[in-house]
Each structure stands twice: as C-alpha cells, then as structure tokens.
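[1] Dropping a prediction and its sequence here:
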Amino acid sequence: MKPQQLLASIATATLCTLGVGLQAANAGTVYNGWNYGIDSFKDGVSGSLGGMFEMYGFGIKQDGETIYVGIDARLPITGQLDNGALNKSITWGDMFFNFSGNPLLNAQGNLFGVRFASTNDSTVKPLGLYSQVSGKNVASQNRGFASYADQSKYVTGAKGIAGMGELTDAEAKVYFKDASLNVISKGQQVVESVFESLDSTTLSALGFNLNGALNGAKPPESNANGAKRQTFGFKFTRGEGMVGDFVAHVFAECLNDGMAVRGNLAPKPEPTPEPVSLLGLAAVGAAVATRRYRAAKVG
C-alpha cells in the first residue's frame, strides 16, 4: 500500500471511531446522536402523582472528550422552595456515573459524580466533575422517601407506573438496593475538567430533543398546579477512567422521582501518525533492507 493510501485508510478509521460515541447495543434510546433515558410520566410524587417532581427524561452525548447532558423535567434547576426542607429548598441531586458493572452499593468510592445544581445539599461545593465518589441519601432532610423501593411502592399503590428511565422497576430495585444515592458525600474534584451549564436554546442547537426520541410523542407541559416543563443541562470534560459501559442516574433530593440510562463512552482515539513520520519509517525500512541485501551479496 502506498503511503498516501495508508494515510487515507487511517484517517477514515479515525473518523469512524470519533463518530461512534455511544454504542446503541449498550445504550438506552439513541436519537440524533444523543442517548436518552426516558422516564415514566406517572411516577413523580407531589402529594399525589404528577406535579413539580415529575421527570420526563435525560440525554447524554459524547463529542471526543466532552460529555453533554440534557434534562427534561418539571423541577427547575433552582429547585422548589420548601420551609420544611434542609436549606429551605428541594432541588436536584447530583448525577452519578457508574462504570464498575456492579450495583450502586458495591461501586461506592469508585463512582464519578457531577454536581450541577448549586443549591443542593451535596457535601462537595464547586460545580463540576468528581472522581472516587461515594454518595449519600438526603431525602429524610427533604421530606422525601427513604429509598427507591419506598417511592416505587407509593407510585404503584397510587396506580402510577414506577421505574427509573431505562431501568425497569425490578432492575432499579436491585441496582439501588440499600444505596439510593442522590448527592455526593465524598469525592475528588477533577480540576482539569471544564464544566459549563447549558440552557434550552444551546441544547436544542446541539440536537437535544426528547420529543424526537419519543417518536413525536410529547410529555405534558404542565398539570393542575402549574408546574411547567423545564429543559436545561450541562457539559464537562470527562475524567480518566470514564470509558466503556456505564449506568448514569439522577434523583431529586427528596427521591420523589429519578431517572437512569445505560450507555457507553468510546475511548480516546489513537493519534493519527503524521505523513512525515510514516515516510521516515518507510525510509528507515528501505535503508535496512538495502544493507541486508549488500551484506548478503558480499557474503
């Protein structure tokens, strides 16, 4: 193969690798380059089903080393004022990424977490990515459920549809057993990771579209108490070790609803050899072959 042909084949393979991002076989609902965890529309608890804590879904998109997250729900990023809750508000917990292949309890200390809501009850303070993460459940301080199993029991009794996005109710009970983690209790900030909050306009321009992932179906915009649909998100530079299959999840601080998704983050592509380097290697190979030929002739 000529050097030019070799370079072209390497470039094509590299582009294919970069374009994969999330593998559909290991993902939730993949649409327009985003991997969605689509939640039940009948499992958010606000005294009854529906209301402020209803979540519709979230999506994850990989672009090289940058990870984008979009969220579609009724609870705004600032949360809801509540005098009976810690810090006088109930808001979003942190988002956890589990690459270990184990249920959440067995992955404690080896999780990744992103604090994206500045008013929540997380132990860590700066917004952004954390590694070596352990989590805790602060629902008891936010007038909520003790566990996912308790929330599921309430939803089922109220004739709702219990579940955690791409995890069925049965799967979620196994995955979150004894570890319904909703905020970071301990972790190491990944200081080189660049974090940025994103609004609905920016997310739309990036292709985030839950309605499209739902095949044209549309979650309700509001309910009787006027809780309107919200879209927001964030992006961050992934940390070392965030490669391969994962489960990501997020709960409200009260555990009144939550959602999860399975996905896969592609490894960083190997650098493409420069033309000069390839030609240099070819020249070295030619020189070695010439020397061997001459030596054989002399012999």
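    Thanks, I have the structure now. Computed from a predicted structure; not experimentally measured.

[2] Relative to Val243, how far out is the residue nearest to Val45 when sequence neighbours are not counted?
    With C-beta to C-beta, 6 or more residues apart in numbering as the criterion, Val45 has its nearest non-adjacent residue at 4.2 Å, and that residue is Asn256. Quick note: C-beta positions are derived from backbone N, CA and C, even for glycine. Summarising the geometry, the distance separating Asn256 from Val243, computed by C-beta to C-beta, to the nearest Å, is 33 Å.

[3] Also Val261?
    For Val261, the distance to Val243 equals 17 Å [C-beta to C-beta].

[4] ok, now Tyr31?
    Relative to Val243, Tyr31 is positioned 23 Å away (criterion: C-beta to C-beta).

[5] who's more crowded, those two?
    For the pair Tyr31 and Val243, the greater number of neighbours falls to Tyr31 (19 against 13), based on other C-beta atoms under 10 Å.

[6] so what's the closest residue to that one other than its chain neighbours up against?
    Take Tyr31 and drop its neighbours on the chain: the residue closest to it by C-beta to C-beta, 6+ apart is Ala213, 4.0 Å away. By C-beta atoms under 8 Å, 6 or more residues apart in numbering, the contact list for Ala213 reads Thr29, Tyr31, Asn32, Trp34, Tyr36, Ile38, Gly57, Gly59.

[7] How about the first one: which residues does it bridge to?
    The partner list for Thr29 in beta bridges (DSSP bridges) reads Tyr36.

[8] doesn't Asn35 make contact with it?
    Yes. Here Thr29 lies in contact with Asn35, judged by C-beta atoms under 8 Å, at a distance of 7.4 Å.

[9] what about those two, which has more around it?
    For Thr29 against Asn35, the residue with the higher neighbour count under other C-beta under 10 Å is Asn35, and the figures read 27 against 19.

[10] how near is the more buried one to Phe58?
    10 Å.

[11] which residues are in contact with both of those two?
    Here Asn35 and Phe58 share the contacting residues Val261, scored by C-beta under 8 Å, 6+ apart.

[12] buried residues in stretch 149-169?
    Buried residues in stretch 149-169, defined by neighbour count with 16 or more other C-beta atoms under 10 Å: 149, 151-152, 154-155, 160, 162-167, 169.

[13] Now the two most distant members of the residues you listed.
    Tyr154 and Glu166 (21.4 Å; C-beta to C-beta).

[14] quick one, phi/psi of Asn87?
    The phi and psi torsions at Asn87 (degrees, to the nearest 10) take the values phi 60, psi 10.

[15] Give me the nearest residue to it, chain neighbours excluded.
    If the residues on either side of it in the chain are set aside, Asn87 comes closest to Asp121, at 6.2 Å by C-beta to C-beta, 6+ apart.

[16] distance between the ends of stretch 204-215?
    16 Å (C-alpha to C-alpha, to the nearest Å).

[17] Let the chain start at 33 from now.
    Right, with 33 as the first residue, what we last looked at is stretch 236-247.

[18] What residues sit buried inside it?
    For stretch 236-247, burial by neighbour count (16+ other C-beta under 10 Å) applies to Leu238, Phe240, Asn241, Leu242, Ala245, Leu246.

[19] Just name the closest of the residues you listed to Val101, please.
    Out of the buried residues of stretch 236-247, the one with the shortest distance to Val101 is Phe240. That distance is 9.0 Å, counting by C-beta to C-beta.

[20] pLDDT at that closest one, what is it?
    What the model reports for Phe240 is a pLDDT of 98.

[21] Check the spacing between the closest residue to it other than its chain neighbours and Asn241 real quick.
    The shortest distance from Phe240 to any residue other than its chain neighbours is 3.7 Å, reached at Gly102 (C-beta to C-beta, 6+ apart). Separation of Gly102 from Asn241 (C-beta to C-beta): 9 Å.

[22] Please apply the same query to Lys185.
    From Lys185 to Asn241 the distance is 33 Å (C-beta to C-beta).
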